[in-house]
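Visitor: Quick one, what's the 3D model for this:
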Amino acid sequence: MITTTKTAQINLARLSPAYWRITFDNPPLNVMGPQFVREFRDIMAAIEADEHVRVVVFDSAVEGFFLNHSDFFANFDELKSIPPGPTGLESWPDILVRLTRAPVVSIALIRGRATGNGSELALACDMSFVSREKAVISQWEVGVGMVAGGGPMARLPLLIGRGRALEVLLSSDDIGGELAEAYGYVNRALPDGELDGFVDALATRIAAFDKWAIAKTKSLVNASLPPDVEMAAGWDACMASIARPATQARLKTFMELGFHKPGPVEDHLGAYIGRLER
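Guide: Numbering: from 1, shown residues only. Reported below is the predicted structural model:
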């Protein structure tokens, strides 16, 4: 029997005791603000406390957006006021580190944009599978004078190499599904019509295996993870970068172009970032 827990921005469906689906549902753009972080923290605690769950799949109910950038209309002081989590890290990096360490398999199913926070979540997951035609991944922050806060500087070089990591971070450009697969940014880019079936079959298969063996294997693979201090440094740099006058000026200009509302800028973020100083 499927049981579903709905909050304001995230839905949790227990498809079976061993297999959960976590669906982001904050239309129209699936941006991430303090409310989202608080809800995600509660879900993270539920994952850690449940002895039966073995696989969690993250997806989206918002067309065109998996998980997007931060909510720049929200109060960042409210986000910063959320107490550090069990890792000692601030709210968002705490969630990401706990997810990577959790004794369950986490899978990102990406259809639409995974911009900033969405990319960071994909990097924190154990596996990510994307729509070849509809997925777009982006670490866009440098383009507006920011530093990313969820650890891509620490995680990406280990995953795709230093040069490609710098290309992703410093170009602030959109990366389609096929290129993301070729770089090793994601596990696979699948035809859109096959994506859901593939992920569901893989999640169902793993969920049938022994949880101790899953958790032990994952913990040994996790020896390759970056240290938490690197995640903390990225968050601190991100929070400082948002307050910079140069960043605020670029964000203001970007919003005047149409950023942070449905339309072509959000749909083609990388292309419009390239126009900021033209």
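
Visitor: So the residue nearest to residue 225 when sequence neighbours are not counted: helix, strand or coil?
Guide: Counting by C-beta to C-beta, 6 or more residues apart in numbering, residue 100 is the residue found nearest to residue 225 once chain neighbours are left out, at 6.4 Å. All C-beta atoms are positioned from the backbone trio N, CA, C, and that covers glycine. Assigned by DSSP: H, G, I helix; E, B strand; the rest coil, the conformation of residue 100 is helix.

Visitor: Residue 100 and residue 44, how far apart?
Guide: With distances taken as C-beta to C-beta, to the nearest Å, residue 100 is found 11 Å from residue 44.

Visitor: Next, the contact list for the nearest residue to residue 184 once chain neighbours are set aside, please.
Guide: Distances taken as C-beta to C-beta, 6+ apart place residue 160 nearest to residue 184, at 4.9 Å, with adjacent residues excluded. By C-beta atoms under 8 Å, 6 or more residues apart in numbering, the contact set of residue 160 is 168, 183, 184, 185.

Visitor: so what's residue 3 scoring on pLDDT?
Guide: Looking at residue 3, its pLDDT reads 83.

Visitor: burial of it, as a residue count?
Guide: 11 (other C-beta atoms under 10 Å).

Visitor: Then the one 5 residues further on?
Guide: For residue 8, the neighbour count with other C-beta under 10 Å is 11.

Visitor: Identify the residue spatially nearest to it, adjacent ones excluded.
Guide: That would be residue 35: by C-beta to C-beta, 6+ apart, it lies 5.9 Å from residue 8.

Visitor: could you dump the helix or strand harbouring that neighbour to CSV, C-alpha only?
Guide: Secondary structure from DSSP states H and E places residue 35 in helix 34-49. In CSV, the C-alpha atoms belonging to helix 34-49 read as follows (Å, rounded to 0.1, in the frame of the first residue of the first chain):
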residue,chain,number,x,y,z
PRO,A,34,14.0,28.3,3.8
GLN,A,35,10.7,26.4,3.8
PHE,A,36,12.0,23.9,1.3
VAL,A,37,15.2,23.4,3.4
ARG,A,38,13.1,22.8,6.6
GLU,A,39,10.9,20.3,4.8
PHE,A,40,13.8,18.5,3.3
ARG,A,41,15.6,18.3,6.7
ASP,A,42,12.5,16.6,8.1
ILE,A,43,12.5,14.1,5.3
MET,A,44,16.2,13.5,5.7
ALA,A,45,15.6,12.7,9.4
ALA,A,46,12.8,10.2,8.4
ILE,A,47,15.2,8.5,5.9
GLU,A,48,17.9,8.1,8.6
ALA,A,49,15.4,6.8,11.2
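
Visitor: If you count contacts, what does it end up packed against?
Guide: strand 10-16, strand 19-24, helix 76-80, helix 91-101 (3 or more C-beta pairs under 8 Å, 6 or more residues apart in numbering; DSSP states H and E).

Visitor: mind listing what the residue nearest to residue 225 touches?
Guide: The contact partners of residue 100, by C-beta under 8 Å, 6+ apart, come to 106, 124, 125, 126, 222, 225.
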